[in-house]
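**Q** Here you go, sequence then predicted model.
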Amino acid sequence: MNKLMLFGGIVIFILITGAVLAPLIAPYDPTDINIEKALVAPSVRHILGTDQLGRDIFSRMVYGTRISLTIGFVAVGIAAVIGVALGSIAGYFGGRVDSVIMRFVDIMLCFPSFFLILAVVAIIGPGIYNIMIVIGLTSWMGMARLIRAEILSLKERDYVAAAKVLGAGSSRIIIKHLIPNGIGPVLVSFVLGVAAAILVEAGLSFLGLGIQPPTPSWGNILMEGKATLGVAWWLILFPGLAILITVLAFNLLGEGLRDALNPKGSE
């Protein structure tokens, strides 16, 4: 197994475990305010320090992991459902159906995704559900293209012809035969997409359009820390490292899966 892929998988496993066990791991309530302990440097009692309201940064980081991973997986899950559905229909039926769907994909790709997300969130308002839905609805195009390319190749296989002879309908052929055999590239895209979604959420929260305080997220910890950068370096360093390591782990896992699923392409 690819060592970098293994490293990415271990890091992601640790993050997921930490998110699930956050109430047991976090030593303090992430929203508890204690002004007397404001901007305490990392110490034994507060291993990552405290913020300007005296809230424990380690506890906020642990709970922030829940937010980042939830948004990443749910948003990309929405994108995968839309992308796989439209891409499969386009690839299987071809002709005018394929042309209409792929022109719509081309139109969607014309818009810079982050600025589109930024504009929509600014209109409908911030919040975890809005962010997940908006990211999902604006990031499915790549998956649609990937699954369409796979379906175009797979639909000419003998087992598809046999299924047609046996009377299987189009929906059954797509769902039971084509998608399971062509899902590999989409799985890689899913893993890489989670990293991108986490970055988008962090960017939105940093700009004040993402997760709103006091709910902790890595992005809004960064946002709150920029005002005290000169005296509280830990408010920027630790959430920044968390975002870096998490995104790197998902990218390493995604690249490793790509090599594993397409060994000839990695030679």
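**A** Structure received. Numbers count the residues shown, from 1 in each chain.

**Q** Would you mind stating the distance between residue 141 and residue 219?
**A** Between residue 141 and residue 219 the computed distance is 24 Å (Cβ to Cβ, to the nearest Å). C-beta here means a position set from N, CA and C on the backbone, and glycine is covered the same way.

**Q** the more surrounded of these two?
**A** When residue 141 and residue 219 are compared for neighbours, residue 219 comes out ahead with 27 against 21, by other Cβ atoms under 10 Å.

**Q** Can you report how many residues lie near residue 240?
**A** Residue 240 has 15 neighbours, counted by other Cβ under 10 Å.

**Q** Am I right that it is in contact with residue 222?
**A** Yes: the criterion here is Cβ atoms under 8 Å, and residue 240 meets it with residue 222 at 6.5 Å.

**Q** Mind giving me the packing neighbours of the helix or strand of the chain with the lowest mean pLDDT?
**A** Lowest mean confidence among the helices and strands of the chain (mean pLDDT, DSSP states H and E): helix 113-124, at a mean of 84. Judged by 3 or more Cβ pairs under 8 Å, 6 or more residues apart in numbering; DSSP states H and E, helix 113-124 is in contact with helix 128-137, helix 184-206.

**Q** same for the shortest one, what does it pack against?
**A** Helices and strands touching helix 128-137, by 3+ Cβ pairs under 8 Å, 6+ apart, are helix 57-93, helix 113-124, helix 184-206.

**Q** Mean neighbour count and distance to residue 43 added to those helices, as JSON lines?
**A** JSON lines is the format used below for the helices and strands packed on helix 128-137 (neighbours: other Cβ atoms under 10 Å; distance: least, Cβ to Cβ, whole Å):
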{"stretch": "helix 57-93", "mean neighbour count": "22", "distance to residue 43": "11"}
{"stretch": "helix 113-124", "mean neighbour count": "15", "distance to residue 43": "37"}
{"stretch": "helix 184-206", "mean neighbour count": "23", "distance to residue 43": "26"}
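
**Q** Let me have the ones you listed in JSON lines, extended by distance to residue 33.
**A** Output for these, formatted as JSON lines (distance: least, Cβ to Cβ, whole Å):
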{"stretch": "helix 57-93", "distance to residue 33": "12"}
{"stretch": "helix 113-124", "distance to residue 33": "27"}
{"stretch": "helix 184-206", "distance to residue 33": "20"}
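
**Q** Where among the ones you listed is average confidence lowest?
**A** Lowest mean pLDDT within the helices and strands packed on helix 128-137: helix 113-124, at a mean of 84.

**Q** what sits up against it?
**A** Residues external to helix 113-124 that are found in contact with it (Cβ atoms under 8 Å, 6 or more residues apart in numbering): 130-131, 134-135, 138-139, 200, 203-204, 207, 209-210.

**Q** now stretch 157-167
**A** Residues outside stretch 157-167 that contact it (Cβ under 8 Å, 6+ apart): 154, 172-173, 176-178.

**Q** again, but for stretch 247-267
**A** Counting by Cβ under 8 Å, 6+ apart, stretch 247-267 makes contact with 1-2, 4-9, 11-12, 15, 72, 184-185, 187-189, 191-192, 194-195, 198-199, all of which sit outside it.

**Q** Looking at the contacts of helix 113-124, which one is closest to residue 29?
**A** The closest of the contacts of helix 113-124 to residue 29 turns out to be residue 210 (Cβ to Cβ; 21.4 Å).

**Q** Surely that closest one is in contact with residue 132?
**A** No: Residue 210 is beyond contact range of residue 132, at 11.0 Å (criterion: Cβ under 8 Å).

**Q** hang on, the earlier thing: among the contacts of stretch 157-167, which are located in strands?
**A** Residues of the contacts of stretch 157-167 located in strands (DSSP state E): none.

**Q** who wins for neighbours among the residues you listed?
**A** That'd be residue 178 among those, by other Cβ under 10 Å, with 25 neighbours.

**Q** Can you name the residues that contact that one?
**A** Shown in contact with residue 178 (Cβ under 8 Å, 6+ apart): 88, 91-92, 150-151, 154-155, 160.

**Q** which of these lies closest to residue 215?
**A** Residue 215 lies nearest to residue 88 out of the contacts of residue 178, by Cβ to Cβ, at 36.8 Å.
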